[in-house]
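> build me a model:
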Amino acid sequence: MLSLKTFPENAALWGETTQSSVYADSYPEYALDDLIDTCTHTNSETDPWWRVDLLGVYSVNRVTIINRINFPSRLDGAVIRVGIFPDIYSNTILEASATATISCGGMVGRYMVVHIPGNQRILSLAEVGVYGYLAGNRAVRGAATQSSTSGNWFAGKAIDSNRGLLNTACSSTLNQTNPWWRLDLHDMYRVSKVVITNRRDCCTERINGAEIRIGNSLENNGSNNPICAVIPDIPAGESYNYSCDGMDGRYVIVHIPGDQKILTLCEVEIYGYLAENLAVDGVATQSSTSGDGFAEKAVDRGLQQLYTGCSSTLNQTNPWWRLDLRYIYRVIKVVVTNRQDCCAERINGAEIRIGNSLENNGNNNPICAVIPAIPAGESYNYSCGGMDGRYVNLIIPGDMKILTLCEVKVYGEGPALKRSLVKMQFNSINDLTDPSMRENVLKQLGSALADRGLTNVTLRWTQTPERVIQKGNDAKRPCENRKSP
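From the prediction side, this is the model:
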């Protein structure tokens, strides 16, 4: 299974802040500026509050509150509220201490409020974080397409949040061989459930035998991806749930195999969790830097798509960009986003390499894929089939090359190695019952692992080595030690 982060970034950063009052220039957005020496500040009043509108309904796992450096007691007694409605007095209450990470256990809400009940109170916050995942139907943010379209029964009508109260709100293909409908979720999700709503008038049997497939491949229009479920039938106008048990994929396909078939869908809903982009926790570097095209701009979560938001090397021989994932992962997929202005062809021929070696700056590691081309501003997926590695490199071999990357995402399993117990037998003239000798062996082993990219490793003996003395055998001694016949 893929490693997950429900929502690795602070969701509050995309929200809109407000507070009950503003003292001097201590505005509510100061709680989201990543600076602990700037604070929000209300006037002294009854029940002061600070609120962030997340601009979407989230299942909130935790909230982080960083208190101000001076006057910390002003946060004493603060209440954290998460809910659907902006009224600060109507949502579920969780008590919090002055400085804390508060577990919210998946509370669902659009608004997160910090509130201090009482008279003559001042609320001041240094930083606030809200972490969780977008609740609800993932399909509404996706892009739908289908093998053909009958009349105005477009593919997008199956994700318009209308479960077919009118049949004209459904998608439909023409009568054809192997019709299909596909949803691009724009990112890799772990899909827990798919809900299909059938049409409510005639022809309800047209859904019979449809396959729900989930995966990352567009081979055969996505219809070769693994099957989540096969639909025997769905009664007219009803919605049936199909459990996919956390299948990983960017694409959800509904496909009816056979000749003379029509596929009609009145609504498709997808429920699941966003898979972890391992790149956001990594460290990026590159062979050279052009202007402010720093290496880390390729792992900034795609917040900017302009050239100024991309990494770029100078014009040089064999330019490269490298991401240190910090641990060894089994890499399933790499997603590369090309620049959207000029020079889209500069990515042509780039090699994606994955491994644990830093020899030749990591560019000797095995190849996952070679990029023929990526259209301007688009993101292409490259399957790496579970290659093990700590380092992800992109290199363009050749003279007079420039490597520009607007975003690199890495998905996979792991870390692949956390703790291992190894039983070893040494052939040594040294006495390994001597603590200093054992320490020297660990140092040598640590150095050998570091050469292979394993630097964050702690080695220790679980027990004192046992000494085994083997008797020599004259018949197996080196020839120079034997007497001549």
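> distance of residue 216 from residue 226?
Between residue 216 and residue 226 the distance is 10 Å, computed by Cβ to Cβ, to the nearest Å. Any C-beta I mention is one placed from the backbone N, CA and C, and that applies to glycine too.
> for residue 220, same thing?
13 Å.
> please enumerate the shared neighbours of those two.
Residues within reach of residue 220 and of residue 226 at once, by Cβ atoms under 8 Å, 6 or more residues apart in numbering: there are none.
> follow-up on the earlier one: which one of residue 216 and residue 226 has more residues nearby?
Counted by other Cβ atoms under 10 Å, residue 216 and residue 226 do not tie: residue 216 has more neighbours, with 18 against 13.
> how much space between the more buried one and residue 33?
Distance, residue 216 to residue 33, using Cβ to Cβ: 37 Å.
> got it, and residue 22?
Per Cβ to Cβ, residue 22 is found 15 Å from residue 33.
> quick one: contacts for residue 26?
Residue 26 touches 39-41, 124, counting by Cβ under 8 Å, 6+ apart.
> neighbour-wise, which of the residues you listed leads?
Ranked by the number of neighbours (other Cβ under 10 Å), the contacts of residue 26 place residue 40 first, at 26 neighbours.
> quickly list what residue 409 is bridged to.
For residue 409, the beta-bridge partners are residue 335 (DSSP bridges).
> what's the burial count for it?
23.
> tell me which residues touch it, please.
Contacts of residue 409 (Cβ under 8 Å, 6+ apart): 187, 277, 279, 334-335.
> show me which pair in those residues is furthest apart.
187 and 334 (13.3 Å; Cβ to Cβ).
> of these two, who's got more company?
Higher neighbour count among residue 187 and residue 334: residue 334, with 26 against 16, using other Cβ under 10 Å.
> go ahead and confirm the more buried one touches residue 380.
No. Here residue 334 lies out of contact with residue 380, judged by Cβ atoms under 8 Å, at a distance of 9.3 Å.
> and stretch 163-172, end to end?
14 Å (Cα to Cα, to the nearest Å).
> break down the stretch 201-350 of the chain into its helices, ranges please.
Counting by DSSP state H, counting those that start in this stretch, no segments of the stretch 201-350 of the chain form helices.
> that one: strands as residue ranges?
Secondary structure of the stretch 201-350 of the chain by DSSP state E, counting those that start in this stretch: the strands cover 210-215, 227-231, 239-255, 264-265, 267-274, 283-286, 311-312, 320-337, 350-355.
> and which of the contacts of residue 409 is nearest residue 320?
Of all these, the one with the least separation from residue 320 (Cβ to Cβ) is residue 334, at 14.6 Å.
> what's the spacing between the spatially closest residue to the closest one that is not a sequence neighbour and residue 371?
In space, and not counting its chain neighbours, residue 334 is closest to residue 382: 4.8 Å by Cβ to Cβ, 6 or more residues apart in numbering. Computed as Cβ to Cβ, the residue 382 to residue 371 distance reads 7 Å.
> re the thing from before, now render the contacts of residue 26 as TSV, adding secondary structure and pLDDT.
What follows is the contacts of residue 26, written out as TSV (DSSP: H, G, I helix; E, B strand; the rest coil; pLDDT from 0 to 100):
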residue	secondary structure	pLDDT
39	coil	92
40	coil	94
41	coil	94
124	coil	89
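> pLDDT-wise, what's the bottom of the contacts of residue 409?
Least confident of the contacts of residue 409 in the model: residue 187, at 82.
> doesn't that one belong to a strand?
Yes. Residue state for residue 187 (DSSP: H, G, I helix; E, B strand; the rest coil) corresponds to a strand.
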